[in-house]
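Peer 1: give me a 3D structure for the following:
(2 chains)
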Amino acid sequence: QQQVKQSPQSLIVQKGGIPIINCAYENTAFDYFPWYQQFPGKGPALLIAIRPDVSEKKEGRFTISFNKSAKQFSLHIMDSQPGDSATYFCAASLNRDDKIIFGKGTRLHILP
Amino acid sequence: EPEVTQTPSHQVTQMGQEVILRCVPISNHLYFYWYRQILGQKVEFLVSFYNNEISEKSEIFDDQFSVERPDGSNFTLKIRSTKLEDSAMYFCACSRGEGTGTQYFGPGTRLTVL
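Peer 2: Residues are numbered from 1 along each chain as shown, chains lettered A, B, ... in the order given. Take a look at the predicted model:
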């Protein structure tokens, strides 16, 4: 119930392509869904986040799509660049100051 | 932009030894967290700390673990008697609270237990 399932585990995309990372959850009490980006040797950094009352949120080249009825959400990266190569974690929490429950991560590699 | 700092960046210890991992959170933040990430695995919650007490802890955070905010600026995680399976990256995080949502993570301390 507390899990967040993430796929794929790894993803290779050509520069300019649109990588899509998918996540699913069970606990309908989750109220906050952040995405974190992690570069090697660094801590996770918040990329973008969404509340379940919104179906889509865009920030720059990053878009979250949220399907509350299916309990699924996804991250799209438009016009991907080699600098976007990192590990991406979807996550969920019961409220914004609560512990974050992370998915297993997706290692993204953007080919130049 | 203010940052969370953690020391040391890498700690090597013998099994059974005590270790203290240190964090300096962002100064006006009210909520503090420790997470860990075993190599190649997901980031896992250990403990949250608010108003000078633990607000929640995971099943990983057993009696061997403790946290402290000794002087109003540092936030420490102590592992009393380390085990091999404690080897992981430990991240400190903090948030301003008031429903702002963003948790800021430090760069982590890599703990290696031999």
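Peer 1: please list the residues of chain B that sit near chain A.
Peer 2: Chain B comes close to chain A at residues B:4, B:31, B:33, B:35, B:41-45, B:48, B:50, B:56, B:58, B:91, B:93, B:95, B:97-108, as judged by CB under 8 Å from any CB of the partner chain. C-beta: built from backbone N, CA, C; applies to glycine.
Peer 1: what about 6 Å?
Peer 2: For chain B, the residues in contact with chain A (CB under 6 Å from any CB of the partner chain) are B:31, B:42-43, B:45, B:48, B:91, B:95, B:97, B:99, B:101-102, B:105-108.
Peer 1: got the residues of chain A near chain B?
Peer 2: A:Tyr32, A:Lys42, A:Gly43, A:Pro44, A:Leu46, A:Arg96, A:Asp97, A:Lys99, A:Phe102, A:Lys104, A:Gly105.
Peer 1: ok, the least confident helix or strand in chain B by mean pLDDT: who's next to it in the sheet?
Peer 2: Lowest by mean pLDDT, DSSP states H and E among the helices and strands of chain B is strand B:104-105, with a mean of 92. Take DSSP bridges as the rule and strand B:104-105 pairs in its sheet with strand B:88-95 (antiparallel).
Peer 1: spatially central residue for chain B, please.
Peer 2: B:Trp34 (3.2 Å; CA atoms, centre = their mean).
Peer 1: so how far is B:Tyr90 from that one?
Peer 2: Separation of B:Trp34 from B:Tyr90 (CB to CB, to the nearest Å): 6 Å.
Peer 1: assign a three-state SS to A:Gly83, would you?
Peer 2: helix (DSSP: H, G, I helix; E, B strand; the rest coil).
Peer 1: what ranges do the strands span in chain B?
Peer 2: Taking DSSP state E as the criterion, chain B carries its strands at B:5-7, B:10-13, B:19-24, B:31-37, B:43-50, B:53-57, B:65-68, B:75-79, B:88-95, B:104-105, B:109-113.
Peer 1: off-centre distance for the shortest one?
Peer 2: Read that as strand B:104-105. On the basis of CA atoms, centre = their mean, to the nearest Å, strand B:104-105 sits 11 Å off its chain's mean C-alpha point.
Peer 1: alright, calling it a day.
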